[in-house]
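K.L.:
Any chance you could fold what I've pasted below:
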Amino acid sequence: MHIPSIPGYEVHDGPPTLGRLWARPDGDYPVGLWPSAELLRICPDPTGWLTIEEHFHRSDDMYGGTHSVLIDAAFREHVLQSGTHWSGRSDVGKVKVWSDGTFSDGLTASRDGDDGLMFFAAVREHHRFVLPTFEITPTFLWYWDAFPSEGGWSYLDSAGRSVELIRIAISMDEWKVEVSALEMRTFLAASGRELLVQKDYTVLTTDEIDAFERVDDNHRTTWSNFDWFAIMDEGIIGDASAFSNVMGKYVVEGRVTARVRRIEARDASKNYVEYVHGIDPGTGEMKRHTCNPRLLGDYADSSRLHSMTPIYFSRDVLNRYASEPNRYRVTASRIWCLDLWGLDISTNTAGLIEVYLGELGALPEGEQAHWLAHNVPPEGEMDEGRFRRDFLNQSVGSPDLVGDLRRARRRAAEATGALLGSPVWRDLDSQAAIEFEALLGPTSNDPSALTAPTITLTKSLVDGMDPAPLKEYLGGSESGEKSIALLRRLLSSLGDTDDGAEVFAALQAFRSAGGVAHLGGSKAGAASARLGIDGMSPLEAFAHMTVELAKALNHVADLVEASPRQPQV
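P.N.:
Model prediction:
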């Protein structure tokens, strides 16, 4: 019978772990004293998470730890033959000044017999004054361009996504540090070194058991050397009736794996995705083509599909980027991922995102797959501004409703600041500013997609009003008179006949009663109608709101700038 390999439950054809290679020794000792689970985790070719530092003490069943050092590959046999004791324990990672005045920096072994050892990682205790601290050779962090992250260290892959590199869990009495094994092995291959992982585990039992004779065993391979014994306890370890101990070391060899640094990933050959670019009118079949730039034509080559063939995507392709404003920046015309990559985009008349086929080929391989998941057949017409820029070489713009709104807010803030001495639209706090700068609008036609953009608009344009300069300029406020009412009174005093504050009041009412910030009720329809978005799709509603809000802000600026009154000092 053939069954799949299930991690943790393999019955055959598993990796060459020590637990598979080392048969349990004969003897009358309790089976639980044989550390089978720990031995199964010892492997020269790990692919998951590799424990490099560990310390724990469970008084009822087990205690022990793990420590790792780097070795020159040429010294592997020498280090393994030296015994099962921990190599470099007395001097690697510790500064020593010897009696003859010799200074040892702890970065390499200084004792005879420990040649070829180098510091890799350690957890240092501080007399229980503060929590133990984890340290690792900076070369490893530099190699991966790593940065501190929640619970450890991470790095950015070629697509700009965070990848966990080190996991750290430390308390006063125990700790465990793991490193991603594939990155570890790639680093070892590049540096010409190997990782020596050293373990010392004691397993005990407090059960009443029959007496047994001490059992000793050793297991040696080309990559490991371990001793094990089991013995009746004679008052050595608390209430234990018997215990066993396994101690030794093994080597993780360097090998270039699928995990490589960004610079190598950019230079490596990659697979290119095929995207739908049209529909065959005769068969109705989707027409697909690779985005590999080497297989695309240009203005001088009509034998192949043009590299500037537009490819279309549903708007929810932008969800990933809109949800991480610290990593991605999205405008009407471009997406940036930090300083790692960028992609020109536009929105066509059907509301689809359009990107040129050749530019998709410049994306990291993993990012191409994301876009493929949202690829749709062509529909609608290309944004006119983009067509005129890219194909007619005309200097024209494209609609940028959110950009227009941001500019209108800045203009209104500057104008009211000049008249009132302080702007009505104050600087937003850091989180609100990030959300306003990342404002994109709905990325799907689900009604809930309008929720987050509406909240951001209200926080930025209504909650972001400062009533203090309005009150001072108007000579005070009436009971219950808030920012919007104060703004309405200011505009009226400046000759406003269009009620320029109404759209802000309608936005606030929609957030409150229209089912966005609160559950929609009987007032929901009236709130939508008041804002002018009743019956609209989320994207149409968002576009209408941004246009009307920008008009209102510019109207405020026009009235204030035309005022003959002098700015107050």
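
K.L.:
pretty sure Ala169 is in a strand, no?
P.N.:
Yes: counting by DSSP: H, G, I helix; E, B strand; the rest coil, Ala169 falls inside a strand.

K.L.:
so it touches Gly151, yeah?
P.N.:
Yes: look at Ala169 against Gly151 with Cβ atoms under 8 Å: they come within range, at 7.2 Å. Glycine gets a C-beta too; all of them are placed from N, C-alpha and C.

K.L.:
Identify the residues contacting Val92.
P.N.:
69, 106-109, 114, 117-119 (Cβ atoms under 8 Å, 6 or more residues apart in numbering).

K.L.:
repeat for Glu208
P.N.:
Ser241 are the contacts of Glu208 under Cβ under 8 Å, 6+ apart.

K.L.:
likewise Leu357?
P.N.:
Here Leu357 is in contact with 275, 277, 289, 291, 296, 305-311 (Cβ under 8 Å, 6+ apart).

K.L.:
Out of the residues you listed, give me the one that has the most neighbours.
P.N.:
In terms of neighbour count, Cys291 stands highest of the contacts of Leu357 at 27 neighbours, by other Cβ atoms under 10 Å.

K.L.:
what's the pLDDT at that one?
P.N.:
Looking at Cys291, its pLDDT stands at 96.

K.L.:
ok, it to Pro447 distance?
P.N.:
34 Å (Cβ to Cβ, to the nearest Å).

K.L.:
Can you tell me what sits against whichever helix or strand Ser492 is part of?
P.N.:
Assigned by DSSP states H and E, Ser492 belongs to helix 483-493. Helix 483-493 is contacted from outside by 424, 462, 465-467, 470-471, 473-474, 477, 481, 499-502, 504-505, 508, 556, 559, using Cβ under 8 Å, 6+ apart.

K.L.:
That one: how far from the chain's middle?
P.N.:
With Cα atoms, centre = their mean, to the nearest Å as the basis, helix 483-493 stands 45 Å off its chain's centre.

K.L.:
before we move on, what about stretch 390-406?
P.N.:
31 Å.

K.L.:
One more: stretch 70-77?
P.N.:
For stretch 70-77, the distance to the chain centre is 35 Å (Cα atoms, centre = their mean).

K.L.:
try stretch 302-313
P.N.:
32 Å.

K.L.:
repeat for stretch 523-538
P.N.:
37 Å.

K.L.:
same for the longest strand anywhere in the chain, what does it pack against?
P.N.:
In terms of residue count, the longest strand belonging to the chain (DSSP state E) is strand 193-205. Packing contacts for strand 193-205, counted by 3 or more Cβ pairs under 8 Å, 6 or more residues apart in numbering; DSSP states H and E, involve strand 49-58, strand 62-72, helix 181-191, strand 242-252.

K.L.:
average model confidence for that strand?
P.N.:
Rounded mean pLDDT across strand 193-205 is 95.

K.L.:
will you turn the helices and strands packed on strand 193-205 into CSV that also has mean neighbour count and distance to Phe436?
P.N.:
Shown next, in CSV, are the helices and strands packed on strand 193-205 (neighbours: other Cβ atoms under 10 Å; distance: least, Cβ to Cβ, whole Å):
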stretch, mean neighbour count, distance to Phe436
strand 49-58, 18, 39
strand 62-72, 22, 47
helix 181-191, 21, 37
strand 242-252, 22, 48
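
K.L.:
between the ones you listed, which one is nearest to Pro378?
P.N.:
Checking the helices and strands packed on strand 193-205 against Pro378 by Cβ to Cβ gives helix 181-191 as the closest, at 40.2 Å.

K.L.:
what about His334, how many neighbours?
P.N.:
To be clear, residue 334 is Arg; His isn't right here. The number of residues near Arg334, taken as other Cβ under 10 Å, comes to 12.

K.L.:
ok, the closest residue to it other than its chain neighbours to Ala332 distance?
P.N.:
Nearest in space to Arg334, with sequence neighbours left out and distances taken as Cβ to Cβ, 6 or more residues apart in numbering, is Asp344 at 5.4 Å. Taking Cβ to Cβ as the measure, Asp344 falls 11 Å from Ala332.

K.L.:
Settle it for me: which of these two has more neighbours?
P.N.:
Ala332 (19 against 13).

K.L.:
Tell me which helix or strand that one sits in.
P.N.:
Going by DSSP H and E, Ala332 is not part of any helix or strand.

K.L.:
And Trp142, by the same measure?
P.N.:
Short version, using DSSP H and E: Trp142 is in helix 138-144.

K.L.:
The helix or strand following that helix pairs with which strands?
P.N.:
Sequence order places strand 147-149 as the next helix or strand after helix 138-144, per DSSP H and E. Here strand 147-149 is paired, per DSSP bridges, with strand 152-156 (antiparallel).

K.L.:
gap between the strand it pairs with and the chain center?
P.N.:
The answer for strand 152-156 is 9 Å, by Cα atoms, centre = their mean.

K.L.:
Residues touching that strand, excluding its own?
P.N.:
141, 144-147, 162-168, 183, 262, 338, 340.

K.L.:
remind me which residues of the stretch 451-569 of the chain are low pLDDT?
P.N.:
Within the stretch 451-569 of the chain, the stretches with pLDDT under 70 are 514-522, 565-569.

K.L.:
which residues in it form helices?
P.N.:
451-461, 467-474, 483-493, 502-513, 524-531, 538-562 (DSSP state H, counting those that start in this stretch).

K.L.:
re earlier: wait, the residue nearest to Arg334 sits on Ser333?
P.N.:
Yes: Asp344 is within contact range of Ser333, at 6.4 Å (criterion: Cβ under 8 Å).

K.L.:
Can you tell me the closest non-neighbouring residue to Phe147?
P.N.:
Ser154 (6.3 Å).

K.L.:
Quick check: Asp216 touching Asp227?
P.N.:
Yes: at 7.5 Å, Asp216 counts as touching Asp227 under the criterion of Cβ under 8 Å.

K.L.:
Have a look at those two and say which one is more surrounded.
P.N.:
More crowded of Asp216 and Asp227, by other Cβ under 10 Å: Asp227, with 16 against 11.

K.L.:
Skip the chain neighbours and tell me the closest residue to Leu188.
P.N.:
Gly254 (3.0 Å).

K.L.:
Sticking with that neighbour, tell me its helix or strand.
P.N.:
Judged by DSSP H and E, Gly254 forms part of no helix or strand.

K.L.:
quick one, what contacts it?
P.N.:
By Cβ under 8 Å, 6+ apart, the neighbours of Gly254 are 73, 185-194.

K.L.:
Quick check: beta-bridge partners of the most centrally placed residue in the chain?
P.N.:
For the chain, the residue nearest the mean C-alpha position is Ser162 (3.8 Å; Cα atoms, centre = their mean). Assessed by DSSP bridges, Ser162 has beta-bridge partners Leu156.

K.L.:
wait, it sits on Pro148?
P.N.:
No: Ser162 lies out of contact with Pro148 (Cβ under 8 Å); the separation is 11.5 Å.

K.L.:
shared neighbours, those two?
P.N.:
Counting by Cβ under 8 Å, 6+ apart, nothing touches both Ser162 and Pro148.

K.L.:
related to what we said a few turns ago, what lies in contact with the helix holding Trp142?
P.N.:
120, 146, 153, 155, 165, 183, 187, 190-191, 261.
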